[in-house]
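Visitor: Okay, predicted coordinates and the sequence, questions at the end:
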Amino acid sequence: MKNIAILGSTGSIGLQTLEVIRNNRDEFSVCALTANSNIDILYKQVLEFKPDIVVIFDYNKYKEFKSLIASHNNDLKVLYGEDGLTYAASYEKADIVVSAIVGIAGLKPTYSAIEKGKTVALANKETLVTAGRIITKKARECSASIIPVDSEHSAIFQCIGRDREFVSKIILTASGGPFRKKTLEELKMVSLSDALKHPSWSMGKKVTIDSSTLMNKGLEVIEARWLFDMAGESIQVYVHPESIIHSMVEFVDGAILAQLGVPDMKIPIKHSLTYPKRTIAVDSKLDFSKINTLNFEKPDTHRFPCLKLAYEALKDGDSSCIVLNGANEVAVNLFLQGKIQFMEIYSIVAKALEKHTLSEVNTLEEIFYIDNWSRNIAMELYKKR
Ligand code: NAD
Ligand code: MG
């Protein structure tokens with residue numbers, strides 16, 4: 001029986017993780033759940049999965065939750081804020097910590113789990129984008145394992161197996177998002193609701209918008225750089241609209257391994273929870289009789305320049321990746337609020353990067369300082385435009 005702590009249990013990955021656990025009660029139990037503010041969903045989860053700890057980041061919602069739960073469960077530990085998240089992430093009973101908070105908000109709790117030598121099922125890509133060097137070093141020092149949940153990285157992880165020393169190239173696949181065929185002129189006019197309609201995956205809003213700009217693929221290139229210790233030049237992206245091959249690995253002898261499957265996040269989630277075994281049966285199978293062709297095309301960085309920005313940031317250095325991420329989080333939020341147009345996400349991030357002077361990054365404090373700077377600059381750029 002594995003004990004699972006889920007950071008971000010009310011989100012898309014969190015809900016799907018709980019669905020996997022619900023259907024496999026003999027293998028898993030839930031010891032901690034955390035959310036930002038959605039106490040209605042969290043309340044139902046607590047009643048169903050009976051964790052020891054529950055954390056609500058937002059203080060007012062925490063107080064509301066406390067009175068809601070008072071009559072039900074006196075043993076439940078209810079915590080709030082950053083300290084609460086740290087407590088849940090480093091809870092001694094947790095065998096696996098699922099890191100499924102969105103944005104850099106997931107960094108500190110993920111770091112806490114790593115520091116405790118936990119097995120981390122990592123969905124939160126922003127952790128590696130902003131702190132890849134520090135996190136991977138800490139994981140080595142503390143004998144923590146990082147099992148990727150992001151479908152591409154799960155695919156690569158599975159393809160590499162024990163053959164890391166023979167890898168020559170990583171090929172990340174991308175669906176291309178909802179705007180794959182739009183011209184640059186059309187892209188300037190796309191609406192928020194169009195951007196939220198992803199062709200193959202149903203996900204949280206931030207990652208859905210990132211997928212539509214291809215920033216998501218850029219963040220994933222940086223994530224792959226750290227997870228698999230590969231130089232940016234050895235990580236290629238191909239648009240593969242069918243989303244059947246989740247990524248590929250080329251070895252020095254020219255052999256290429258790919259991982260295939262229906263686009264269902266529960267597959268990489270299951271893999272991360274059962275690794276190194278594969279104990280959970282399928283609920284959705286790939287039907288080859290229904291697949292006619294698999295297509296691949298080079299991404300067009302003229303129409304989707306965010307991908308190019310991410311490659312450039314990776315080449316520049318760690319502090320540029322932090323700025324890329326921070327400015328992008330702000331710009332995506334502005335777009336979600338209807339305050340800027342689609343292509344302005346790119347221009348805000350690009351201008352923030354232009355204003356940034358590369359600096360050394362050795363600590364989490366330095367990361368948050370640069371992150372904060374990039375958020376302020378992104379807001380200034382928005383106001384001045
Ligand atoms: P989501 O928006 O659906 O859920 C985010 C979760 O984080 C929620 O539980 C929310 O309460 C919590 N949260 C948000 N802000 C918080 C804060 N400040 N403090 C504490 N908790 C906070 O997001 P998602 O789609 O589940 O994505 C989660 C992460 O996984 C992201 O980094 C995303 O890029 C990555 N990912 C998601 C998918 C997917 O299919 N959804 C696929 C690959 C990778
Ligand atoms: Mg992905």
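Guide: Perfect, I can see it now. Ligands and ions are numbered 1, 2, ... in the order given.
Visitor: which SS class is residue 3?
Guide: Using DSSP: H, G, I helix; E, B strand; the rest coil, the structure places residue 3 in strand.
Visitor: Only the buried residues of the lengthiest helix in the chain, if you could.
Guide: When the chain is scanned for its longest helix (criterion: DSSP state H), the result is helix 364-384. Residues of helix 364-384 classed as buried under the neighbour-count rule (16 or more other Cβ atoms under 10 Å) are 364, 366-368, 370-371, 373-375, 377-379, 381. Backbone N, C-alpha and C define where each C-beta goes, glycine included.
Visitor: Name the helix or strand for residue 107, please.
Guide: For residue 107, the host element (DSSP states H and E) is helix 107-115.
Visitor: what packs against the helix or strand following that helix?
Guide: Sequence order places strand 119-122 as the next helix or strand after helix 107-115, per DSSP H and E. When contacts are defined as 3 or more Cβ pairs under 8 Å, 6 or more residues apart in numbering; DSSP states H and E, strand 119-122 packs onto strand 96-99, helix 107-115, strand 145-148, helix 266-274.
Visitor: repeat that with 6 Å
Guide: strand 96-99, strand 145-148 (3 or more Cβ pairs under 6 Å, 6 or more residues apart in numbering; DSSP states H and E).
Visitor: Contacts made by the last one with the rest, please.
Guide: If you take Cβ atoms under 6 Å, 6 or more residues apart in numbering as the criterion, strand 145-148 is touched by 119, 120, 121, 122, 139, 154, 157, 227, 272, 275.
Visitor: Likewise for stretch 39-47?
Guide: Stretch 39-47 has contacts (Cβ under 6 Å, 6+ apart) with 9, 10, 33, 35, 54, 61, 64, 65, 68.
Visitor: and if we set it to 10 Å?
Guide: Outside stretch 39-47, the residues within contact range by Cβ atoms under 10 Å, 6 or more residues apart in numbering are 6, 9-11, 14-15, 18, 30, 33-36, 38, 51, 53-56, 58, 60-62, 64-66, 68-69, 72-73, 76, 78.
Visitor: what comes up buried for it?
Guide: So, applying 16+ other Cβ under 10 Å, buried residues of stretch 39-47: 39, 41, 42, 43, 45, 46.
Visitor: Residue of the stretch 201-350 of the chain nearest ligand 2, please.
Guide: residue 220 (5.5 Å; Cβ to the ion).
Visitor: Give me the neighbour count for that residue.
Guide: Neighbours of residue 220 under the rule other Cβ atoms under 10 Å: 30.
Visitor: need the next SSE after the helix or strand it falls within, C-terminal direction.
Guide: If you go by DSSP H and E, residue 220 is part of helix 215-227. Using DSSP H and E, the helix or strand that follows helix 215-227 towards the C-terminus is strand 235-239.
Visitor: okay, stretch 354-365 in CSV with CA atoms only?
Guide: The C-alpha coordinates for stretch 354-365 follow below in CSV (Å, rounded to 0.1, in the frame of the first residue of the first chain):
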residue,chain,number,x,y,z
GLU,A,354,15.1,42.1,-23.2
LYS,A,355,15.1,44.2,-20.0
HIS,A,356,16.6,41.4,-18.0
THR,A,357,20.4,41.3,-17.2
LEU,A,358,21.6,37.7,-16.7
SER,A,359,22.5,37.0,-13.1
GLU,A,360,23.7,34.0,-11.1
VAL,A,361,21.1,31.9,-9.4
ASN,A,362,22.2,29.7,-6.5
THR,A,363,19.3,29.8,-4.0
LEU,A,364,15.5,29.7,-4.0
GLU,A,365,15.5,33.3,-2.5
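Visitor: buried residues in that stretch?
Guide: 356, 361, 364.
Visitor: With stretch 309-325 instead?
Guide: Per 16+ other Cβ under 10 Å, stretch 309-325 contains these buried residues: 309-314, 318-325.
Visitor: for stretch 12-21, same thing?
Guide: Residues of stretch 12-21 classed as buried by neighbour count (16+ other Cβ under 10 Å): 12, 13, 14, 15, 16, 17, 18, 20, 21.
Visitor: Same question for stretch 162-176.
Guide: Those would be 167, 170, 171, 172, 173, 174, 175, 176, for stretch 162-176 by 16+ other Cβ under 10 Å.
Visitor: I'd guessed residue 236 sits against residue 307; true?
Guide: No: using Cβ atoms under 10 Å, residue 236 is not in contact with residue 307, being 11.3 Å away.
Visitor: taking the buried residues of stretch 309-325 one by one, which sit in helices?
Guide: 309-314, 318-325.
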